[in-house]
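Asker: generate coordinates for the sequence data below:
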Amino acid sequence: MSYLAPSEFVTKMVDAGESKIFMSTRDTIIRAYMAGAILALAAWFAVTINVNTGQPLVGALLFPVGFVMLYLLGFDLLTGVFVLSPLALIDKRPGVTLGGVLRNWGLVFVGNFAGAFTVAFMMAFVTTFGFTQAPDKVGAAIGNIGEGRTLGYAAHGAAGMATLFLRGMLCNWMVSTGVVGAMISTSVPGKVIAMWMPILVFFYMVFEHSVVNMFLFPSGLLLGAKFSIMDYLIWNEIPTVLGNLVGGLAFTGMTLYATHVMTLPKRQAEKAAKPRVAA
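Answerer: I've put the predicted structure just below:
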């Protein structure tokens, strides 16, 4: 399956982070929009499977199809750029600045949210026949997810917030491993297998993914679920984003970089000899 050695694919991770920082605003938004929309469709698909079969494992097994599609098409998730973009800064790539990293994160967040919200509106419209009746079984299930994973955490106070944050960390440990999986092989089957495994783990374990939640929770609000926008932001989206950032960078990005790039004498010699361009 044309497997690449860790030192090779970790260098590709840094290269990818650098390219995303210098990408135009237009391309960054378009790619993020499509990523959010495709992942939202996959979440809708998985919830539909769970409702119709009563078997969450089946939904988890098939949900990764959305993740695979969006990465094969070259689109970007916030959870992915949380890991890749900072590596270019840590690696001291010419012209890469903290401002560039933050700009990339902000644009991808906006694009992901817009794409996910577009599908959320479509889902709400379809499951209520244009908001003329109560939501069907799938719509009701999505609404219940929103209530349980906002008010449910709030009921536990600080312990609920800590649990939410840790679920966000665990999520992007797996999701960012899937992002890396797209770089492990040069063949499509190899990429698909490497991406599929960690995404299956994240979804079945009900970890918190900021972009999936950009679909689930606005969907619930559109369908009249009994939680507020502030409940969504404070008791899910914001802590989830922070957990995704910490988990992906700490468990995937920095660990791979530290052991497969920083420890290579040749790599260090090349870096020392390479001229730097002022930011």
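Asker: just the strands in the protein please.
Answerer: Assigned strands in the chain: none (criterion: DSSP state E).
Asker: relative to residue 100, how far out is the spatially most central residue of it?
Answerer: Nearest to the mean C-alpha position of the chain, counting by CA atoms, centre = their mean, stands residue 79 at 3.4 Å. Shown here: residue 79 relative to residue 100, a distance of 19 Å by CB to CB, to the nearest Å. The way it works is simple: take the backbone N, C-alpha and C, and place the C-beta from them, glycine included.
Asker: still on that earlier bit, residues contacting the residue nearest to the centre of the chain?
Answerer: Applying CB atoms under 8 Å, 6 or more residues apart in numbering to residue 79 gives the contacts 171-172, 175-176, 179, 209-211, 244, 248.
Asker: so which of the residues you listed is the most crowded?
Answerer: Ranked by the number of neighbours (other CB atoms under 10 Å), the contacts of residue 79 place residue 172 first, at 35 neighbours.
Asker: was I right about that residue contacting residue 250?
Answerer: No - judged on CB atoms under 8 Å, residue 172 makes no contact with residue 250 at a distance of 9.4 Å.
Asker: neighbours of residue 117, how many?
Answerer: Neighbours around residue 117, by other CB under 10 Å: 18.
Asker: same question for the one 3 residues further on.
Answerer: The number of residues packed around residue 120, counting by other CB under 10 Å, is 27.
Asker: what does the one 3 residues further on give?
Answerer: By the criterion of other CB under 10 Å, residue 123 has 26 neighbours.
Asker: that one against residue 141, yeah?
Answerer: No - if you go by CB under 8 Å, residue 123 and residue 141 don't touch, sitting 11.3 Å apart.
Asker: contacts only, for the residue nearest to residue 108 when sequence neighbours are not counted.
Answerer: Closest residue to residue 108 apart from its sequence neighbours, by CB to CB, 6 or more residues apart in numbering: residue 32 at 4.3 Å. Residue 32 is in contact with 75-78, 107-112, 114-115, counting by CB under 8 Å, 6+ apart.
Asker: got CSV for the residues you listed, with pLDDT and neighbour count too?
Answerer: As requested, those are arranged in CSV below (pLDDT from 0 to 100; neighbours: other CB atoms under 10 Å):
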residue, pLDDT, neighbour count
75, 98, 23
76, 98, 30
77, 98, 29
78, 98, 29
107, 98, 23
108, 98, 29
109, 98, 18
110, 98, 16
111, 98, 25
112, 98, 30
114, 98, 15
115, 98, 28
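Asker: just to check, residue 181 is in contact with residue 201?
Answerer: No - counting by CB under 8 Å, residue 181 does not reach residue 201; the two are 11.9 Å apart.
Asker: between the two, which one's more packed in?
Answerer: For residue 181 and residue 201, the more surrounded residue by other CB under 10 Å is residue 181, and the numbers stand at 23 against 19.
Asker: who's in contact with the more buried one?
Answerer: Residues counted as contacts of residue 181 (CB under 8 Å, 6+ apart) are 191, 193-198.
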